[in-house]
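A.B. asks: can't give you the sequence, but here's the structure:
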């Protein structure tokens, strides 16, 4: 057991352990992330009164507490602080706790959900607990990547354009622009202002279309299973394969029966 695990046994167990309590805790964090994202989206369409400001502060404090816990048990704190997901958490904390920073960066909170889904322990637990996830893992991950990109870009567009672009009045306008650009529909009724606006448009078109095509490829290509060939190491095979297509070696792929 490491020094940090001995000093902070409960936090280490909850964030890194394999106990049922640890898995329930991480599922709880995932649900909290989804609720937070929903809250940010819904409240973007209404006037922010005292109740919403209090809720913002509560979300911010919870995120801050979670951030501190992760930092405390991290084995490499400097590396942890400069991770993209960590920087996104810091932006979200500021956007929730300090209203003057604006709510736009709150959409970066969705990056936290992506990080949790890419955590080995949670992915392994999702595979064990949910048959749907086992059978459609690639589709779920690709869809999450696309949704993350969509709402992060929407947040950035709103945060940078809301005060300088009369065509961007709320998140709905920013989301509308992002989706029309992503799908190459491009009605042209909303355009981003300034050099940074044009660069954001380019980013949406290049990276967004790439993610969209990736998701479409996962959705429509034949289903594959991951099983390393003992001879050549080829990992992806047809679900009913009995021989490796690369080297012809016999395969013994475990299945769950007829779907």
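C.D. replies: Alright, I've got the coordinates. As the structure is a prediction and not an experimental result, all values here were calculated from the model.
A.B. asks: show me this structure divided up by domain.
C.D. replies: Per the record, the chain has its domains at 1-133, 136-221, 224-259, by automatic domain parsing.
A.B. asks: quick one: residue 225 is in a strand?
C.D. replies: Yes: counting by DSSP: H, G, I helix; E, B strand; the rest coil, residue 225 is located in a strand.
A.B. asks: got the phi/psi numbers for residue 19?
C.D. replies: Here is the backbone geometry of residue 19 (degrees, to the nearest 10): phi -80, psi 160.
A.B. asks: tell me, how many residues neighbour the residue nearest to it when sequence neighbours are not counted?
C.D. replies: Closest residue in space to residue 19, ignoring its immediate chain neighbours: residue 13 at 6.2 Å, by C-beta to C-beta, 6 or more residues apart in numbering. Backbone N, C-alpha and C define where each C-beta goes, glycine included. Neighbour count for residue 13, taken as other C-beta atoms under 10 Å: 16.
A.B. asks: and residue 13, helix, strand or coil?
C.D. replies: Three-state call for residue 13 (three-state DSSP): helix.
A.B. asks: tell me the contacts of it?
C.D. replies: Contacts for residue 13 (C-beta atoms under 8 Å, 6 or more residues apart in numbering) come out as 19, 21-22.
A.B. asks: just among those, which is most surrounded?
C.D. replies: Within the contacts of residue 13, most neighbours by other C-beta under 10 Å means residue 22, with 18 neighbours.
A.B. asks: please, which helix or strand holds that residue?
C.D. replies: Using DSSP states H and E, residue 22 maps to helix 20-43.
A.B. asks: may I see the buried residues of that helix?
C.D. replies: Within helix 20-43, the residues that count as buried by 16 or more other C-beta atoms under 10 Å are 22-23, 26, 29-30, 32-33, 36-37, 39-41, 43.
A.B. asks: residue 244 contacts residue 252, correct?
C.D. replies: No: between residue 244 and residue 252 there is no contact under C-beta atoms under 8 Å: 11.2 Å.
A.B. asks: compare those two (neighbour count), which wins?
C.D. replies: Using other C-beta under 10 Å as the criterion, residue 244 and residue 252 rank with residue 244 on top: 19 against 7.
A.B. asks: report pLDDT for that one.
C.D. replies: At residue 244, the predicted lDDT confidence score is 86.
A.B. asks: name the nearest residue to it, sequence neighbours excluded.
C.D. replies: residue 229 (4.3 Å).
A.B. asks: now do the strands in this structure.
C.D. replies: Assigned strands in the chain, in chain order: 224-226, 236-238 (criterion: DSSP state E).
A.B. asks: tell me the most buried of those strands?
C.D. replies: Ranked by mean neighbour count, these are led by strand 236-238 with a mean of 15 (mean count of other C-beta atoms under 10 Å).
A.B. asks: for the helix holding residue 22, name the packing helices and strands.
C.D. replies: Using 3 or more C-beta pairs under 8 Å, 6 or more residues apart in numbering; DSSP states H and E as the contact test, the elements touching helix 20-43 are helix 9-16, helix 50-73, helix 110-117, helix 120-129.
A.B. asks: which of those helices comes out lowest on mean pLDDT?
C.D. replies: Comparing mean pLDDT across the helices and strands packed on helix 20-43, the weakest is helix 110-117, with a mean of 58.
A.B. asks: where does pLDDT dip in this structure?
C.D. replies: The chain contains residues with pLDDT under 70 at 1-6, 44, 99-121, 219-223, 255-259.
A.B. asks: how much space between the residue nearest to residue 19 and residue 28?
C.D. replies: Distance, residue 13 to residue 28, using C-beta to C-beta, to the nearest Å: 14 Å.
A.B. asks: residue 244 now?
C.D. replies: Going from residue 244 to residue 28 by C-beta to C-beta gives 42 Å.
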